[in-house]
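*Asks:* Prediction below, plus the sequence it came from.
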Amino acid sequence: MSSEIEPKPGSVTFLQFHQPTLAAGDYKITVEQAVKVDKTDVRPFSETKLFTVAGERFELNPIDVLGVFPPEGNLGEHSNVLPHIILSRSTLPWERFAEVRSGAATQTPAAGNTNIPWLALLLFDGDHNPKPKTVKVADLKETGTKFPDITLEIGQRLEDLVTVIDVPQSLLEDIMPAAEELKLLAHVRLGLDTAGKPLGEELAIIIANRLPQKGKTSTVHLVSVEGRFREVGGKYVFDYQSDVAGDLIRLVSLKSWSFACEDEKKDFKELLLALNATPTTLRLPEGAPSAEQLLARGYVLLPHYYREGDEIASWYHGPLVPGKVSSPLLPGDNETSQFVLPARSADELVRYDTALSMFDVTYAAAWELGRLLALQDKDFSTGLYQWKREYAQQRARKKQSEENPDVPYQSAMDVLVPETIFAWFKRLRGLEGVPFNYLVPDERMLPAESIRFFHVDRAWLDCLADGAFSIGRVSSSDYEADGSHGLKSPAVGLSPMLTGFLLRSEVVSGWPGLLVDGYADDGGNKPVRMHRMDRLSKGVLLCIFWGEIRRVDLHLKAETLHFGLSRSGDGFAKQPRDLKGVPLKNQVKLQAAHWRKQSSRTLSVVELAELVRKQLTNPPPLSSALFALQMVEGVDNIVFAAK
C-alpha cells in the first residue's frame with residue numbers, strides 16, 4: 001500500500017449567528033382584555049404570568065460539547081492553531097447576554113440585542129494557568145476576587161456548585177477578547193454533502209484569540225462573560241471592577257482541556273504519513289526460509305500444552321490473515337475440505353504439518369474460544385440450550401409422524417430461532433468479544449505507529465461460531481441434531497469476503513472524530529460498506545469491510561476543521577479566500593498592528609479580519625461567518641492504496 005494526500009469532497013457553510021427566540025431567563029407576560037357594554041367601557045380584565053426559559057448558566061451538559069481542537073491530551077505541533085470548541089446547540093452562545101442589562105428578564109434578542117456572545121474561549125500557558133476550583137454559587141463574590149452581582153433564576157440555588165478560575169487582571173487584560181472581537185469569534189457551521197444538502201445539525205463554534213506557546217502545555221477554558229461588559233462611550237468594554245493590575249478577576253469555567261505543543265511530527269497528517277506500513281499485511285517480519293511460507297500466511301509459534309502437562313510449540317494464526325483462506329464445510333456442501341463442521345470437539349480441528357512435524361492449532365483454538373465465550377454469557381448459553389432442546393423435541397415428533405403415519409401424533413411445530421440468539425452470533429462473527437491476543441497473537445505483528453491490512457479468515461469465524469453453538473452437544477444424537485440445521489443454523493455465516501485493517505497510532509486516541517472510507521478501486525469511485533469500526537483500545541482501531549478493499553481514506557469530520565495561520569519565515573501569514581472558499585494567489589503577512597501583544601501571541605482579531613477582508617473583490621461587511629471562512633484550515637485526506 002502507498003500513502004498520499006487528496007482533497008475530500010463536501011463543503012461547509014458558515015453563518016454569523018443563530019439567535020434563540022427567547023434568551024434564557026425569567027419572563028413576565030401580561031394579557032389584558034378591554035370590553036365595552038352598550039358603548040360603555042368596562043374595567044379591563046388582566047392576567048399576569050411568570051415563566052422561565054431554562055438554559056445553561058453555571059455548567060454545561062456533557063452532550064452540549066461535541067468536540068474540541070486541538071484534541072484533549074494531544075501532543076503535536078499546534079503553535080499556529082487557534083483552539084476552538086464545538087457546541088451541539090447552535091443557539092447556545094447567544095442564549096444569554098454579555099452586556100449588563102437592566103431588567104434582563106424582560107429583554108428578548110430582538111429588543112436591542114448586540115449579538116455579543118456570552119461565552120469566550122481563553123488560552124493559558126502552562127506557566128500562568130489558573131487552577132480551577134469548585135465553589136458554591138453563594139460564594140462567587142468571595143473576598144479577594146472580583147465578580148459582579150447576579151440574580152438567580154428559577155431553579156437555581158445558592159448551594160449549587162460551580163467551577164471558577166481566578167485570573168490576575170494584568171493577564172486577563174492581555175487575553176480577554178473585546179466585545180467586537182467576541183462577535184467575530186463565534187459562528188454557526190452547517191456541513192453540506194457533495195450535492196449541497198445539509199449534513200447533520202447546525203453547530204456553534206467558539207474560537208480563541210490566542211496561539212499556543214511552542215514547547216509548552218496549554219490549557220483552554222470556556223468561560224462565561226454574562227453581564228461582564230458595560231457600555232462606555234458607545235462601546236461595550238469588559239468590567240474588571242478594579243483598577244489594580246494584581247487583583248484577581250473571577251470567571252465561571254464551563255469547560256476546560258489541555259494539550260501540548262511540542263512535536264512537529266505529531267499532527268494528524270504527519271503521524272499518518274509516517275506510519276510503518278512494512279509489511280503491509282498483518283504478519284511477522286520475514287524469518288527462516290523453512291518457516292517463511294507459514295509466516296507469510298500470518299502464522300506465529302506459540303506454546304502448546306498437552307493435557308498431561310507436556311509443552312511443545314505449535315503454529316497458530318488469528319482470524320485476520322494476510323491472504324484469502326477457504327472456509328470449512330457444513331453438511332450438504334459438495335466440496336472437499338480437511339474437516340467438516342460441526343465438530344465434536346476442538347481436537348477434531350487440530351491439524352498436523354508433516355513437512356515441519358508440527359501441529360497447527362488455529363481452528364481448534366477458535367472453536368474452544370467460541371465455546372468459552374458462550375459459556376461466559378449465561379443468558380445466551382441458557383437460551384441456546386433451551387431452544388436446541390425444544391428443536392430436538394419437535395424434530396423427534398416429526399420423525400415419529402413420518403415413520404408411523406397412521407398413528408395420530410400431535411403435529412410438530414416449527415421452532416424459530418430467537419432474535420437474541422441470531423444477534424449474539426452476528427456480533428460474534430464480527431469478532432466482538434474476541435480477546436485481542438487472539439486477533440494479534442504477537443505484538444511484533446502490529447508495532448507502534450503502524451497500519452496492517454488483512455483478510456478475515458471465514459474458516460476461523462466458522463470454527464468460532466461452531467464452538468459457541470456446541471453448547472449441549474454431548475451425545476451422538478446431539479451432534480446429529482446440530483448438523484441437521486445445515487445452512488439454517490444460527491451459527492452459519494454466509495457473508496461475502498471480509499477485509500480490513502488495524503491501525504495502532506496516536507491518531508486513534510488524539511483524533512476521536514477520525515473517519516474511514518474504503519473503496520474497491522484505486523480511484524475511490526466504488527465505495528465498500530463498513531462492517532465494523534471499533535476502537536479496541538486507546539490507540540488501536542479495527543476496521544472491517546464487506547468486500548475486498550484496494551484503497552482506504554483516513555480523514556476527519558468537517559466539524560473538526562480547525563482555524564489558524566500559516567508560517568512565513570519567522571512570522572505568520574494568511575492566504576485569503578474568495579466567498580466560494582477558493583484561495584487567492586497572494587498571502588498577507590501579519591504585522592505588529594495585527595497583534596494585541598505579540599509576546600503573548602494574542603491577535604487583534606478585528607484588525608486581522610479587516611486585513612484579510614480588504615483583499616477580496618467587492619468585500620462584504622465584516623462578520624463572524626466571513627472571519628471563519630478566512631481562518632479555517634482544510635481537512636487532510638490521507639489515502640492508502642494498493643500498489
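*Replies:* Looks like it arrived, so ask away. This one's a predicted model, so the numbers in the text were calculated from it and none came from an experiment.
*Asks:* For the rest of this, base every contact and every neighbour count on C-alpha atoms.
*Replies:* Will do.
*Asks:* Run through who's touching stretch 260-277.
*Replies:* 1, 3-4, 73-79, 212-218, 449-452, 505-507, 511, 636, 638 (CA atoms under 8 Å, 6 or more residues apart in numbering).
*Asks:* What are the buried residues along the lengthiest helix in the chain?
*Replies:* Looking across the chain with DSSP state H, the single longest helix is helix 378-403. Judged by neighbour count using 16 or more other CA atoms under 10 Å, the buried positions of helix 378-403 are 380-381, 384-385, 387-388, 390-392, 394-395, 397-398, 400-401.
*Asks:* mind listing the helices for this structure?
*Replies:* Taking DSSP H as the criterion, the chain carries its helices at 169-175, 179-184, 268-273, 289-295, 362-376, 378-403, 419-429, 436-439, 458-469, 476-484, 506-510, 605-613, 624-631.
*Asks:* Report the helix or strand with the lowest average pLDDT across this structure.
*Replies:* The helix or strand of the chain with the lowest confidence, counting by mean pLDDT, DSSP states H and E, is strand 2-6 at a mean of 45.
*Asks:* got the contact list for the nearest residue to V508 once chain neighbours are set aside?
*Replies:* In space, and not counting its chain neighbours, V508 is closest to G539: 5.1 Å by CA to CA, 6 or more residues apart in numbering. Neighbouring residues of G539 by CA under 8 Å, 6+ apart: L503, R504, S505, E506, V507, V508, S509.
*Asks:* quick one, what contacts the last one?
*Replies:* Right, the one you point to is S509. S509 sits in contact with K538, G539, where contact means CA under 8 Å, 6+ apart.
*Asks:* So it versus R444, what's the distance?
*Replies:* 21 Å (CA to CA, to the nearest Å).
*Asks:* Against S476, how distant is the nearest residue to A260 once chain neighbours are set aside?
*Replies:* Spatially, and ignoring its direct neighbours in sequence, A260 is nearest to T217 (4.2 Å; CA to CA, 6+ apart). Remark: distance between T217 and S476 (CA to CA) = 67 Å.
*Asks:* Please say which of those two ends up with more neighbours.
*Replies:* T217 (20 against 10; other CA atoms under 10 Å).
*Asks:* are any of the contacts of stretch 260-277 buried, and which?
*Replies:* Buried members of the contacts of stretch 260-277, scored by 16+ other CA under 10 Å, are 1, 3, 74-79, 212-214, 217-218, 449-452, 505-507, 511, 636, 638.
*Asks:* Looking at those residues, which are in strands?
*Replies:* S3, L75, G76, T217, S218, S450, I451, R452, I638 (DSSP state E).
*Asks:* Show me which pair in the residues you listed is furthest apart.
*Replies:* Farthest-apart pair in those is S218 and R452; separation 33.8 Å (CA to CA).
*Asks:* Minimum pLDDT in the contacts of G539, which residue is that?
*Replies:* Across the contacts of G539, the smallest pLDDT goes to S509, namely 80.
*Asks:* how close does that one sit to K538?
*Replies:* From S509 to K538 the distance is 5 Å (CA to CA).
*Asks:* ditto for K324
*Replies:* The spacing between K324 and K538, counted by CA to CA, is 29 Å.
*Asks:* ok, now P71?
*Replies:* 14 Å.
*Asks:* Ok, S450 next?
*Replies:* The value you get for S450 to K538, if CA to CA is used, is 14 Å.
*Asks:* what does A642 give?
*Replies:* Where K538 is concerned, A642 sits at a distance of 27 Å (CA to CA).
*Asks:* before we move on, what about K269?
*Replies:* In terms of CA to CA, K269 sits 19 Å off from K538.
*Asks:* Tell me which of these two has more neighbours.
*Replies:* Each of K269 and K538 has its neighbours counted (other CA under 10 Å); K269 has more, 18 against 14.
*Asks:* any idea of the pLDDT on that one?
*Replies:* Predicted confidence (pLDDT) for K269: 83.
*Asks:* what does L622 give?
*Replies:* 91.
*Asks:* what number of residues lie near it?
*Replies:* 15.
*Asks:* pretty sure the residue nearest to A260 contacts N129?
*Replies:* No - using CA atoms under 8 Å, T217 is not in contact with N129; the gap is 9.5 Å.
*Asks:* I'd say R96 and E226 touch.
*Replies:* Yes - the pair R96 / E226 is scored as a contact, 6.6 Å apart, by CA under 8 Å.
*Asks:* What is the burial count for V361?
*Replies:* 21.
*Asks:* for the stretch 1-150 of the chain, what are the low-confidence residue spans?
*Replies:* 1-11, 39, 41-42, 102-113 (pLDDT under 70).
*Asks:* next one: stretch 217-230 to chain centre, how far?
*Replies:* 26 Å (CA atoms, centre = their mean, to the nearest Å).
*Asks:* Likewise for stretch 216-235?
*Replies:* 29 Å.
*Asks:* So for it, first residue to last residue, what's the gap.
*Replies:* The straight-line separation of the ends of stretch 216-235 (CA to CA) is 36 Å.
*Asks:* buried ones in that stretch?
*Replies:* In stretch 216-235, counting by 16+ other CA under 10 Å, buried: 217-230.
*Asks:* gap between I638 and A343?
*Replies:* Plainly put, I638 is 45 Å away from A343 if you go by CA to CA.
*Asks:* likewise R297?
*Replies:* From R297 to A343 the distance is 24 Å (CA to CA).
*Asks:* now swap in L369 and tell me
*Replies:* L369 sits 14 Å away from A343, going by CA to CA.
*Asks:* Can you give me the neighbour number for the closest residue to H555 other than its chain neighbours?
*Replies:* Nearest residue to H555 in three dimensions, chain neighbours excluded: N637, at 4.6 Å (CA to CA, 6+ apart). Using other CA under 10 Å, N637 has 22 neighbouring residues.
*Asks:* swap in the one 5 residues further on?
*Replies:* Residues within reach of A642, counting by other CA under 10 Å, total 14.
*Asks:* correct me, but it touches R550?
*Replies:* Yes - between A642 and R550 there is a contact under CA under 8 Å: 5.3 Å.
*Asks:* Mutual contacts of the two, please.
*Replies:* With CA under 8 Å, 6+ apart as the test, A642 and R550 both reach D522.
*Asks:* which ones are touching E548?
*Replies:* M497, L498, T499, A520, V528.
*Asks:* ok, and the most crowded of these?
*Replies:* T499 (26 neighbours).
*Asks:* residue contacts, that residue?
*Replies:* So T499 contacts F453, F454, H455, V456, I544, F545, W546, G547, E548, I549 (CA under 8 Å, 6+ apart).
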